[in-house]
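1. Just to be clear, the model below is a prediction. Sequence and coordinates:
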Amino acid sequence: MTQTINAAALPQFSQMTIQGEDAEKFLQGQLTCDVTKLGLSYQAAAIGNLKGRIEFGLWIKKQAEKQYDVVISADCAEALQGHLKKFGAFSKFDTSAPTPIYPCVLDNVPTFSHQDDHNTPENTQAWMQSSIAVGNYWIVAATQGEFQPQELRLHQRGGMDYDKGCYLGQEVIARIYFKSAPKAFLHYVKGTSVKCSGDVPAAGDKLEKIQVVNAIANAEGFEALVVARPEHLADSDLTILELPPALQADVARPK
C-alpha cells in the first residue's frame, strides 16, 4: 500500500520538442541511445558529461520526421535548454519551450501524458510506484552528475548503444563497459527506517555507503531504487526486491 504524500513533493516533468534539419544528427552526438532507432514509444536515455556520468536523464521518442519529443524532470529543464543552446549553436534545429507533461501508468507501463485528467497526485504516485518497481529511475537536479549509465542499468533498458559512434562522455562510458564493470549498481529495495531527515530518503541521500536514486513511502516505510555494492546491501537493514528479469543480469559486458 502506498501512502499519500504532499502533492508539492511529487515529481514534475516537462517536455520539449526538438525539430529541424539537423535534429537527428545533433541528438545522435549527444545521447547515449541510437537516435536512428527511435520510434513512437518513449525510450529512456541520457546525456552524459565529460566524466561519463549522467548530466540529464530523459525519455525521448521520434514524433515525426526530424521531430523528437524529450521528457525530463522539470527542475532540470532550464539547464537542458542551456545545454542544447550551447552545443547546438551551429546546428539547424529549434527547441520548443518546456511544457508540463504528466506521469501516469497506461497498460501497466509507466509513461507520460498531456491529458489533464492524468494530472493528479494519484496518477503521479502510481507512476512512481510502478517506475521504482521496474527500474525506471528519474534524474532530478540533486542527482545530476551523480551516476554512470551502467550503474543505473541503462544499457539493459535499451538506452545505450556501444556501436553508434561518439557522444558526450562516450570514451569513459565505453572504457568502463569494455575494460571493467561498475562495482556499485542499481537495486530495488525496501526499508523500514532511514538515518536522514524526513519519512522517506530523498534523491541523492546516502544511507551509509548506499546512495538513493528515487524513493516512495509505503505502509511499512519506503521502497527505493538505490545504487550500491552487493556487499554493502548485505550488511544493511534493507531488503532486496526483484527487478524485471532484464535488469537482474550482470551489469558487466557479457564474456
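-> Received it, and whenever you're ready, just let me know what you need.
2. Using the three-state scheme, assign the residue lying farthest from the centre of the chain.
-> Within the chain, residue 90 marks the point farthest from the mean C-alpha position, 28.0 Å out by Cα atoms, centre = their mean. Following DSSP: H, G, I helix; E, B strand; the rest coil, the label given to residue 90 is coil.
3. Adjust the sequence numbering to begin at 40 for everything that follows.
-> With 40 as the first residue, the last one maps to residue 129.
4. Quickly note the distance from it to residue 135.
-> 20 Å (Cβ to Cβ, to the nearest Å). In short, each C-beta sits where N, CA and C put it, glycine included.
5. again, but for residue 271
-> For residue 271, the distance to residue 135 equals 43 Å [Cβ to Cβ].
6. contacts for stretch 147-158?
-> 52, 54, 81, 98, 110, 138-145, 166, 169-170, 173, 175 (Cβ atoms under 8 Å, 6 or more residues apart in numbering).
7. ends of that stretch, how far apart?
-> 17 Å (Cα to Cα, to the nearest Å).
8. And stretch 273-283, by the same measure?
-> Start-to-end span of stretch 273-283 (Cα to Cα) is 20 Å.
9. Provide the contact partners of it at residue level.
-> Against stretch 273-283 from outside (Cβ under 8 Å, 6+ apart): 172-174, 192, 225-232, 246-247, 249, 262, 265, 267, 272, 287.
10. Mind checking which of these land in helices?
-> Within these, residues falling in helices by DSSP state H are 172-173, 272.
11. Among those, which one sits closest to residue 221?
-> Nearest to residue 221 out of the ones in helices among the contacts of stretch 273-283 is residue 272 (Cβ to Cβ; 14.1 Å).
12. Report whether the expected contact of residue 241 with residue 252 is present.
-> No - the pair residue 241 and residue 252 fails to qualify as a contact (Cβ atoms under 8 Å) at a distance of 10.6 Å.
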